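>>> Need the 3D shape of this:
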Amino acid sequence: MRHGRSIRTPAAHRAAGLSLIELMVSMLLGLLVVGAAIGIFLSNRQAYRTTESLGQVQETLQMAFELMARDVREAGGNPCDIGLPVANVVDDATTNWWTNWAVPLQGYDNGGPAGLGSVAGTDVLQVLAVGDVLANVEGHSGTTLTVDSASGITAGDVVMVCDTAQLAIFKASAASATTIEHAASGGNCKDSLNTKPAACSDVPYVYPRNSVVSQLHGTRWFVADNGRGGRSLFRVVDNGAREEMVEGVADMQLEYLLGAGAASYVSAAAVSDWTAVTAVRIALTSQSSEATGTDNAPLQRRLEHVVALRSRTI
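Residues are numbered from 1 along each chain as shown. Coordinates of the predicted model:
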C-alpha cells in the first residue's frame, strides 16, 4: 500500500463542477430557448388580439345591421292593409318629421340635419314605423277607443288605428289601461278620425271591433363621436335625446333604389320622390378599439346590406 498519492475517481471528477466556458455556453443556449419561447408567446398574443378585434368588428356590423334593418323593413307599413287612405289629424303632422306619415323614409347626405351631431361625410337615415305595442279595438265611442290593452301608450304618444277601410294617425290626448283618447285638446286638429271628405273634417268615423291600434315611432339613425375617442351608431326617437346603440361604427353610407325596375342605387341628393324608394343599401364601416391592423392601426371592415321596404315591395 502506497501513501501520499491521491487517486481521482470518475465520481470525484464529476463533482469538480463546470468550467467557465461550459457555463457560458449553457447560459447562451438557455437564453436562445427563452427568447424563442417569448417570440412564440408574443406572436400568439398578437394573433389572438387580431382575431378578437376581427370578431369584435364583425359582431358590431351584425348588430348594427340587425337594428337598422328592422326599422327600414317596416317603414311606412301598418298592421291592416297596404294602400289604405290616411287621416293624419296630428296638429304638427307636416312640420315635425316624426309625425309626417306622408314621408315615412328619408335619407340625408354628408352629416344630415343640423343638431344631430353626426360626423361630417356620413349619411343619416330617417324612418317612421309601427312600434312594438299593438292592441285590438273593443269599442269606439266619441273620442274614446276602448282596447284590450293600452299598455305602453301614454298621453302625447303618436298612435295609429286602422281597419280594412281606412287608417288614422293621432296623438293620444289621454290613456289608461284599456282606453285611448283622441280629443282635439290633446294635440289633434279635430276629434274626427275620418278621411272623407278630408282629414280634420267633422264627419265622424267609428272604428269597428277588432280594428288595430299601434304606436308610431320616428327614428333617425346616424354616426357620431361617442366621447371616448371613437365613433358609434346612434339613434334619436321622436326628437328625444340621442341614444348610443352600437359602439365601433366609424362610417355609414346610404343609397336608394327607386322602384323595382331601377337600374342602380342612387344617393339621397338624387332622390326627388321619397315615396318611390323600395330598398336601401346600407354600407357600414366598423373599427376595432385596439390597434391590431396593419402598421399598428385599428382594424377596419366595410360591409354592405340591402333592405327592402315591405310596404312597397309586396
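>>> Which residue comes closest to residue 152 once chain neighbours are left out?
Leaving aside its sequence neighbours, residue 152 sits nearest to residue 133 (Cβ to Cβ, 6 or more residues apart in numbering; 4.1 Å). C-beta here means a position set from N, CA and C on the backbone, and glycine is covered the same way.
>>> next one: phi and psi at that neighbour?
Backbone torsions for residue 133, taken as degrees, to the nearest 10, come to phi -90, psi 120.
>>> contacting residues for it?
By Cβ atoms under 8 Å, 6 or more residues apart in numbering, the residues touching residue 133 are 151-153, 214-215.
>>> do residue 306 as well
Applying Cβ under 8 Å, 6+ apart, the residues near residue 306 are 279-282.
>>> could I get those as CSV with neighbour count?
Supplementary listing: those in CSV, determined by neighbours: other Cβ atoms under 10 Å:
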residue, neighbour count
279, 20
280, 24
281, 16
282, 21
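>>> of those residues, closest to residue 22?
Residue 22 lies nearest to residue 282 out of the contacts of residue 306, by Cβ to Cβ, at 68.6 Å.
>>> Ignoring the adjacent residues along the chain, who's closest to that closest one?
Using Cβ to Cβ, 6+ apart, the nearest residue to residue 282 is residue 305, at 5.2 Å.
>>> Following element in sequence after the helix or strand where that neighbour lies, please.
Taking DSSP states H and E as the definition, one finds residue 305 inside strand 300-308. Tracing the chain past strand 300-308, the next element assigned as helix or strand by DSSP H and E is helix 310-313.
>>> what's that following helix packed up against?
Helix 310-313 sits against helix 20-74, strand 277-287, with contacts defined as 3 or more Cβ pairs under 8 Å, 6 or more residues apart in numbering; DSSP states H and E.
>>> of all those, which lies closest to residue 126?
With Cβ to Cβ as the yardstick, what comes closest out of those is helix 20-74 (9.9 Å).
>>> and that closest one, average pLDDT?
Within the predicted structure, the mean pLDDT of helix 20-74 is 75.
>>> Who does the helix or strand following that helix pair with, and is each partner parallel or antiparallel?
Beyond helix 20-74 in the direction of the C-terminus, DSSP H and E gives the next helix or strand as strand 86-88. Partner strands and pairing direction for strand 86-88 (DSSP bridges) are strand 167-171 (parallel).
>>> what does the partner strand rub up against?
For strand 167-171, the surrounding residues in contact (Cβ under 8 Å, 6+ apart) are 78, 80, 84-91, 93, 99, 101, 156-162, 182, 186-188, 193-195, 205, 207, 216.
>>> Can you select the buried ones from those in PyMOL?
Below is the selection syntax for PyMOL that covers the buried ones among the contacts of strand 167-171, with 16 or more other Cβ atoms under 10 Å defining burial:
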select buried, resi 78+80+84+86+87+88+89+90+91+93+99+101+157+158+159+160+161+162+182+186+187+188+193+194+195+205+207+216
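>>> ok, the residue nearest to residue 282 - contacts?
Under the criterion of Cβ under 8 Å, 6+ apart, the contact list for residue 305 reads 65, 69, 281-282, 284.
>>> Out of those, the closest to residue 121 would be?
Proximity to residue 121 was ranked across these by Cβ to Cβ; first place goes to residue 284, at 14.0 Å.
>>> Which pLDDT value belongs to the closest one?
At residue 284, the predicted lDDT confidence score is 91.
>>> what sits against it?
61, 64-65, 233, 249, 251-252, 302-303, 305.
>>> How about residue 84?
78, 162, 165-167.
>>> Repeat that for residue 76.
For residue 76, the set of contacting residues under the criterion of Cβ under 8 Å, 6+ apart consists of 101, 104-105, 128-129, 309, 311-312.
>>> Perfect, that will be all.
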